[in-house]
Structures are given as C-alpha cells and as structure tokens.
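Trainee: Okay, structure incoming, though there's no sequence with it:
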C-alpha cells in the first residue's frame, strides 16, 4: 500500500539547524585529516542524473567508495521518461510513475541522490518549465523525496545545491579557522550563458551559517529570490554575522577575506533568456581580476567550477596564490562523505 | 583454439528441474530474511544491455554489490556492432565477432548477463528481425551462451525473462506460503504499445512450477506461442496444478489469489505492429480495476513494472492494500542474488 | 597555486628502462599464476574515454576490481568540452580547462587513465586534427599528464597504446619462455578503414624490448613514423635482438615464432583518408591465411582485437590451434594489474 514517507532528506542546508551544519563541517574536516573512520560497507547510493555532471558524479562516487560502499549511476533517457503528475492516464510518452520508481529504488538502494536542474536541460515531459514560480517547485526532487523510503540527497535542483554550499562551508572553515567577524563576498560574474541560481543560493545560505559579514554583490536586476534572501538574513543573524547587498563589485571586495564568484541568470528575464543575454552582454566588466583582488585582505578566491577562464575571472587570479578552487572542489568529497556517513550510517 | 562451451547458463526457468527452481526460491527467501550469507567477493558480472533498463540494471548491480562483487555495464553503441553470423567476411559495419567477444569477456569476468529484446530496439545488423520464427531463435543470447566459458544469464531475450519469472515465484511463495491449490491468474492488459511476450512467457512458466491452478486470460488473437504453452502445461501438471485459458477477464479473476497483469503484442501481427495497434485499440476495457479485483479471493495484484497507471490498471488497485508490486520488484534482487550465488559461487 | 606536476606516468613503454618493462612482465605473470597478491583497496582509477571501448574498459575495470579498488568511467559529451589551449578567453563552447579538471580529478582519484585517439573520433574543439605533426603532439593526454598530480596512464593516444604493448609482451613471454633469438613478425593487414597507428607503434616497441629478431612487414607507403622506428631500433639492439623491414608478407613470415597482425592508415595520406582508402583497396591480399602461417615455425598468431574475420585473417587461422588472441586479450588485464599495482600502490 502506498504511503508517503517521512525520511530524513538533505534538500537544502537551511532545512537543518545550524548546529547540525556545524557538526557536518567538523566531521568532514575530521575525515579529511584521518581523525575518524566511517563505514558504509555494502551500501549503495543510487545517483540519478537528469543533467550530466563530472565533478558531482566523481565526488559522490569516490565519497561512497572511500566509505566502503558504492554509487550507482542512473542517467540518460531512462530518467526523463518518469511521470510526476497525480491522477494521470499514462497513455503518452512517460513510461513509469515516480510513485513506483522511488519506492522500488528505495528497496534496492540505501539512498537516492538526484540532480535535476531544468534550466540546463532541454525539456522534460511532466516537470514544469517556463516560469520561476513553476521551476521553484522542484517537482522532480520533491516527488522523489515524497515517495522514497530512504534518504534523498539534492545534487542540485532548480533552487538549491546544498552539497556545494556544505563543501564551501568546509573550505571556508578550513582556510580561516575562526569564521566569525570575517568578511565573505559572493559576487556575480559575467558568463556567456544564463546559468541556474541554485549554486549561488546554497553558497550564500551556507556562508550565512558561519557568523561572517556576508556581502552579496551583483548588477541591478540580478537580485536573488526574495524568499531565499529572507532566509539567508535570518540565518546570518542567528549565527552572529551581518548581511548586505552591493551593486558595486569593486567596493564590495574591499577587505574581503573570502571572494566567491558565480554567474547566474536574472530572475526578471526567467524563461526569456535571449533578452537576458542582451542585458548581460553589457556586464563583461564583472570579472574578478588582480586589481580587484588587491582590494581584499589577502582574500582567498573561490569558485564552484567549472569556470570560464578570463571571462568570470582572470587566469592571473585563478593560478595565483590566493586561489583555493582546487581545495574547494576536493572538499565537496569530504563534505559529502560526512553527509553520507550521517544519513546512511547505522 | 576455439571451442564451444558447455557451461551452466540461466536462459529459461523451464530448462531447470522444478527442484532447482524450488531451491532458488528458498535461497532467495533465506537471503532476504538474513538466514544465510553468500559471498561473491572479488567477482564481476558483465551486464550487456542491448536495450536500456532501470529495474534490471539496478537490481543486478545491487545484487552483486550485496554479495561483495560488482556488476560492470556494457551498453550503447558498443554492443550493437557485434557480428553473429558464421563464415562471414567482415568488411561491413560489424566490428567484432561474438566468437571473440564472448570468450574475451569470459576471461575478464565471472559471468555474463545479457538483455537483448529485438521488439523494443530499433535494429541490429546481424540479429534477425521481422518474423517471430526468426526472433524466437534469440540469436544474440544463444550465441553468447555458445561461446562464453562462464555462466550466461538471460536478463530478457525475445522469448524469456526468467529472472522476472523467478522473482515472481519468490513473491508468490512469500505471500501465500503454501502455493498448491491456490489460483493464479495471468491477465493481458491494454497498453498503448505492442510489448514483447518474454515477460509473460516467463511469469507464466514460473507460476506453473508452483502447483497452482493457473489461468491465462487474454483476448482472442493474443494467444502465446504454442510450444511455450505446451511446456507450461507439462510443468504445471508436474507440480500438481492445473492450467486453463480464458478469453473473459472478469470471469477469469473469480476467486483468484494472485492476479498478475501484463500486456504483450499479438503473435498474428508480429512484424506488422501498426495493424496490431488498431486491433488492440478495441481492447481498452482490459484494465484491472476495483470491481474486477472485488471478484477475487482478496487477491494480490502483481505487475512486473513499469506500469501505465490508469491504462493497464487503475491507481485505486495499484495504490490499494492488495498491491504487492513494490515487493515484487524488490524480490527481483533477492531472486537474482540466489541465482548469482548459485551460478557464480565456488 | 597552479604547479606543473612531476608524477610518474605511463604514456609509452619506451619511456621506461627495459629492466622496468621486464619487472612489469614478471609481476603480471606472477599475478596471473597467483604467486603474489597486490592490493589497491579503497583506491579509484578515473578512466576518461574520449573514444568508446569494450576491451580496454572491461580489462581496466576488472583489473582494479581484482586488486580491491574500482575504476570510475568518465566519457561521452562530458570529456569533449574540456579546453587545452593556454591564455584563451573561454567564451566559446569549451566549459572547463584541463588546468582545473586534471588537478580536481587528482584530488578525488588515485590515478587517471585516458583514451584519446583523434583518428577514430569525429572532432574535438581544441585538440589539433588534420596533420600527423599536430596529432603526434597528443595534446589531450600530455595536458592531463602535465596538470595531474596522480599517475596518468595512456589507454591509447594518437601515438601509443602502451598497455597493449605491455600485454603483448606478457603474452609472448608466457608463450615462448626464453624470447631471445626468437622471430617476431609484425605484419600490416588489410582492413576496410584507415586505423590509428598507436597500437602498432606500441606492439612493435614492446617486442623490441624482448631481444627478439623483429621483422616489420607492410606495403610500401605504409612506413611508420621514422622517429618511432629509430627508438624501436635502439631498444631492440639494447635488448640483444635485431630489426628489419620487409615489403613482402610471405617472405617475412618465414620461420616466424610469433605473427602479430594489425592494420593502420598510411602516413603519406594522413588527413586525406579517402585517397588512402583507394590505395589500400589494392592490398586485400595482405590477409594472414593458412598457407602463409604454414611458412612459420609453428608460429603463434596474435591480434589485439577487435579483428575483422576473413578480412585481416582467415577464420581458419583465427579458430586454429596456433591462435592465441584470447590469451592475448586476457593478458591485457594481468599486465594492467601489474602496472596499476606498481604505479598506484603504496
């Protein structure tokens, strides 16, 4: 008999109390330093990629492997034929309902990790596309979370990329030690394409859990979703930090300890990306370069990767001593090991 | 020097004595209940998918993983370029002969599992298509079985899907305990496409090994292959059960303990699927719904999945207390673990 | 901060001293005979396939698995979007630079294995195509070798296929025991397509490390790259063997102990493959058949596979008692286990 499940999932860092975020960060650093051992021997994480991925796929596969388990990839045309709507007569092109897929995979595997970001995919039958209001529902991710009986991990949805956020928090903690009172600048960067907002949302939310003075810098018109900004402000106050928004990249970078660059598409143009592209084309000076980094307090440069060299950031910054992008990528794996050990462990 | 091999394969449940089927069912249930442990540590099963799959792929991968081994998928364009014909001058588009591929994979791996169902694929160079007589030869599967020196497992061919059959037998045994004297109804269901007969053939054959009163219900013209029916009837008598065919779904379901629904394409139209589709379009009332299930003896509803909701079966039945489709899917894994441990174990 | 790495890679057998080649051969045979155990428990090899593969993929996956580790495949469109050029403004279609990809994968994995052969691929954005001089630079492989901080293994580049060479050396040693003074003939064979030279280059180089009397037989115009021939001649003298070239297949095979057949495209036509095809069409008598094999000293027949039956070699030879192609394929795995245990072991 079909039952909706109430399992512990990891869909958004801001769903967790800040103490649990802190505990995950500590565990990740302990695992990295070899201070603790965790085992998921014999356990399998199904990783469903509605969108392709290199970094996320390899870091989840090696995270499971280092814990003694395995990640099992499900991708390609297989995943796009699932149905999500209720009460539908399935005589069209979708061949299997999430009401069957999620419970069945839950019987075979110990966890389900899902990447489904509409903005970077061509189309999907049932998942809504078009407006941000629709995309924000994250139908694919939330349907799996509803019908799975094992933990569901968000490997990037339309709205959040919490594993990137958690990995970044681990990296900031690793670099700075004490994070309270330090300045974190999250800056928009020019990119030839309109990218999803999910990574920025989660990077920002995670930084807001560290008690830092958080500055969000972007051009006018590139404001993030107000509901998410509200949560970010609530979390930053809770952690003893501060929050502000700047439309001036240079000014924002002043005395920064951490500079995190990321491009995203502008919400007012959501679904009308050709127009967004034209507006964005005027913003090529939103590139992190050496003179801008010179304004920081020997700030460290972060980027989630992949990065467009000499477009989002100059190669001088990227290859320079302040760049910690490779550590940041590595820490995705340790953060995910901490998460998997916590969610899937006995 | 090339030698044809005489290894123990698993191509069709009806190749095995009924005692061996019983032993596999018992082992599967013992494994599920944690009563026994089996190990395939360090062993690899190559899984060749000529057709895509989610359930079969994940259940084989997790079956191997839970036994301490691994499944290694080979699929896509790689597999379609194999040659099967004897004495051919290979100056065309096939690039490797099964006479090399099967022995080589046998050296690397401990078993080969193969899914190759022509009806659901576009085309293949050498494998025969067009007539049922040709398809029935299962050239791909049987060629691998001929030239492999390790066990070959049928993950669905044109004719059989024995792992589904075995998994269903495990589920029926799990549900009913004593199966003798119980009524099993295998009913055709409407579906927008002509599907292969392999699953039905193997589900029916497996039920015939359990000493049940087996009823096969389908519209006139949708008769299964007479040779397979003959084997089914022989096996059901051997196991102490009975066998009958009905053209009336409602009548057939009377007092059923188990109802297994499955759609398949009609043999008289084989290769002429457009015409079959038109004939089938008249049969939309072959749907399992609540009133029909009310005729059963609190019958359990089975379906191999993926299932078309509100087309093959209503969501009321599928989400109701009598539905055991998720258990049935799960038991694929336990059945395959029993099979793999038996075939590949030392 | 970006640093170029000086890790031990395996890009070409001829980069290694002959004693190290001998040690790898011995270790491979010891592993095959179960005389030694090696462990790569918990280690992951990322395998990047810019070109598809069955044999290489399965033999690397099972090699890692038998050593207790795992191979993690990265392929498809993911890999083709990498950028290799220096100082480029990345506002086009490449989305990630090797300067990030190689170090990041090095943090996740313990080794990187790369297959990138331009001749058998359609196109690549940044990697050079067109002339042999450009292809010979092996930009993809060498860029990964430059920026990775873990061992890089060549799974076939434009120029070399050292794992095939090493595997063949293991097979020859296994067959002949003492190799000095024995005759090895590497013969070109007709094939409907122009194939890469990499396999032949590495098979020839490896044979030259065994102190054999090496004869390279091919039609006029099909000469290998002179620089590689020079290295081959240097290595064969070092190992106490001899080297000669023949344009007459029958004569070359006289008294051969080992016959290794392989087709490749002619260098003078590089990049102009239609013209090469016409020239090649005159050479269909370059097939290894029974009368030719009768001239050998009960010679063993080798081929790297996949092989075109009755085109490169007759089925009589391939299925006959002198054919060791299946052993040769198997030994790829043992050779790679020796290599992986040596490079990735503690």
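Mentor: Looks like it arrived, so ask away. Everything quoted here is computed from the prediction, not taken from an experiment.
Trainee: Nearest residue to the middle of chain A?
Mentor: residue A:161 (1.9 Å; Cα atoms, centre = their mean).
Trainee: Mind listing the strands the helix or strand hosting residue A:244 pairs with, and their directions?
Mentor: In the assignment (DSSP states H and E), residue A:244 maps to strand A:242-246. Sheet pairing for strand A:242-246, assigned by DSSP bridges, gives strand A:213-217 (parallel).
Trainee: how about the helix or strand that the partner strand is followed by: buried residues?
Mentor: Once the chain leaves strand A:213-217, the next helix or strand it forms, by DSSP H and E, is helix A:226-238. Buried residues in helix A:226-238, defined by neighbour count with 16 or more other Cβ atoms under 10 Å in any protein chain shown: A:228-229, A:231-233, A:235-236. Placement of C-beta: from N, CA and C, glycine included.
Trainee: Could you pull up the mean pLDDT of helix A:226-238?
Mentor: Averaged across helix A:226-238, pLDDT comes to 98.
Trainee: what does the stretch 151-300 of chain A put close to chain C?
Mentor: residue A:192 (Cβ under 8 Å from any Cβ of the partner chain).
Trainee: and the residue of the stretch 151-300 of chain A found nearest chain C, how many neighbours does it have?
Mentor: Going by Cβ to the nearest Cβ, chain C is nearest to residue A:192 of the stretch 151-300 of chain A, at 4.8 Å. Per other Cβ atoms under 10 Å in any protein chain shown, the neighbour tally for residue A:192 reads 18.
Trainee: So which residues on chain A come close to chain B?
Mentor: A:1-2, A:42, A:44, A:46, A:70, A:72, A:74, A:76-78, A:83, A:87-92, A:95-97, A:99-101, A:103-105, A:107-109.
Trainee: run the last query once more with 7 Å
Mentor: Where chain A comes near chain B, counting by Cβ under 7 Å from any Cβ of the partner chain, the residues are A:1-2, A:42, A:44, A:46, A:70, A:72, A:74, A:77-78, A:87-91, A:95-97, A:100, A:103-105, A:107-109.
Trainee: returning to that earlier point: which residues are in contact with the strand holding residue A:244?
Mentor: The contact list for strand A:242-246, computed with Cβ atoms under 7 Å, 6 or more residues apart in numbering or on different chains, reads A:208, A:213-217, A:232-233, A:236, A:252.
Trainee: and the angle for it with helix A:226-238?
Mentor: 140 degrees (axes from the mean of the first three to the mean of the last three Cα atoms, to 10 degrees).
Trainee: circling back to that earlier point, list only those of the residues of chain A next to chain B flagged as buried.
Mentor: A:44, A:46, A:70, A:72, A:74, A:78, A:88, A:90-91, A:95-97, A:100, A:103-105, A:107-109.
Trainee: Among those residues, which ones are in helices?
Mentor: A:78, A:100, A:103-105, A:107-108 (DSSP state H).
Trainee: tell me the domain boundaries of chain A?
Mentor: A:13-160+A:331-344, A:164-325 (automatic domain parsing).
Trainee: now those domains in TSV, with distance to residue B:288?
Mentor: Formatted as TSV, those follow (distance: least, Cβ to Cβ, whole Å):
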stretch	distance to residue B:288
domain A:13-160+A:331-344	14
domain A:164-325	41
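Trainee: and residue B:327, which of those domains is closest to it?
Mentor: domain A:13-160+A:331-344 (8.2 Å; Cβ to Cβ).
Trainee: farthest residue from the center of chain A?
Mentor: residue A:91 (35.5 Å).
Trainee: mind listing what that residue touches?
Mentor: Counted by Cβ under 7 Å, 6+ apart, residue A:91 has contacts B:192, B:308, B:311.
Trainee: hmm, try it at 10 Å
Mentor: B:190-193, B:284, B:308-312 (Cβ atoms under 10 Å, 6 or more residues apart in numbering or on different chains).
Trainee: Which of those sits closest to residue C:340?
Mentor: For these, the nearest to residue C:340 is residue B:193 (45.9 Å; Cβ to Cβ).
Trainee: and that closest one, how many neighbours?
Mentor: Residue B:193: 15 neighbours (other Cβ under 10 Å).
Trainee: Could you check how far it is from residue A:95?
Mentor: Note on residue B:193: its distance to residue A:95, by Cβ to Cβ, to the nearest Å, is 9 Å.
Trainee: And for residue A:40?
Mentor: 31 Å.
Trainee: Then residue A:109?
Mentor: For residue A:109 relative to residue A:95 (Cβ to Cβ), the value is 20 Å.
Trainee: and the closest residue to residue A:273 other than its chain neighbours, what element?
Mentor: Computed as Cβ to Cβ, 6 or more residues apart in numbering or on different chains, the closest residue to residue A:273 that is not its neighbour in sequence is residue A:194, at 4.8 Å. Per DSSP H and E: residue A:194 is located in neither a helix nor a strand.
Trainee: Could you double-check that residue A:194 lies in contact with residue A:281?
Mentor: No: assessed by Cβ atoms under 10 Å, residue A:194 is found out of contact with residue A:281, at 11.4 Å.
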